[in-house]
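Participant: A structural model of the following input is requested.
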Amino acid sequence: MPLACSRCELQRVINLETARKLGTAAGGLVGSLKGAYASLYSHSLSLNPSASFPISRVAAAVMAASTGGIAGAAAGHRMVQHLFPPGEGTPWLCLSCGHAFRVLD
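Facilitator: Here you go, the predicted structure:
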């Protein structure tokens, strides 16, 4: 039987540990894609004619993707972390009323 909210008694709850992991992974993925895209498709003028060759920009795209991924993962973690209620036990969030509570196992 699924867990019910302690305030509204509905069974529409999500485990906040799982939401934090998903937020971190999604933030890392989005940050990586944004960093790589911005690095590869920037319209900066270069005086070096060989700079238009895409292989020379791959290293910059990899660096931008890794730093963007780290920043995105940190942002995704912080977005979910503020929902955690204080105390011990497994954190849950009711999707109906927004009540955050913990259940001791």
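Participant: shouldn't residue 24 be in contact with residue 73?
Facilitator: Yes. Residue 24 lies in contact with residue 73 (Cβ atoms under 8 Å); the separation is 5.0 Å. From N, CA and C alone the C-beta is placed, and that goes for glycine too.
Participant: Now stretch 68-78: buried residues?
Facilitator: Buried residues in stretch 68-78, counted by 16 or more other Cβ atoms under 10 Å: 68-69, 71-73, 76-77.
Participant: just curious, which of the residues you listed is nearest to residue 86?
Facilitator: Nearest to residue 86, judged by Cβ to Cβ, of those is residue 77 at 17.6 Å.
Participant: chain center to whichever strand or helix holds the closest one, what's the gap?
Facilitator: For residue 77, the host element (DSSP states H and E) is helix 55-81. Chain-centre distance of helix 55-81: 11 Å, with Cα atoms, centre = their mean, to the nearest Å.
Participant: show me the contacts for the nearest residue to residue 10 once chain neighbours are set aside.
Facilitator: Spatial nearest neighbour of residue 10, chain neighbours left out: residue 96 (4.6 Å); criterion: Cβ to Cβ, 6 or more residues apart in numbering. Going by Cβ atoms under 8 Å, 6 or more residues apart in numbering, residue 96 touches 5, 8, 10, 12.
Participant: try residue 97
Facilitator: Residue 97 makes contact with 5, 7-8, 10 under the criterion Cβ under 8 Å, 6+ apart.
Participant: A strand includes it, no?
Facilitator: No. Per DSSP: H, G, I helix; E, B strand; the rest coil, residue 97 lies outside any strand segment and is coil.
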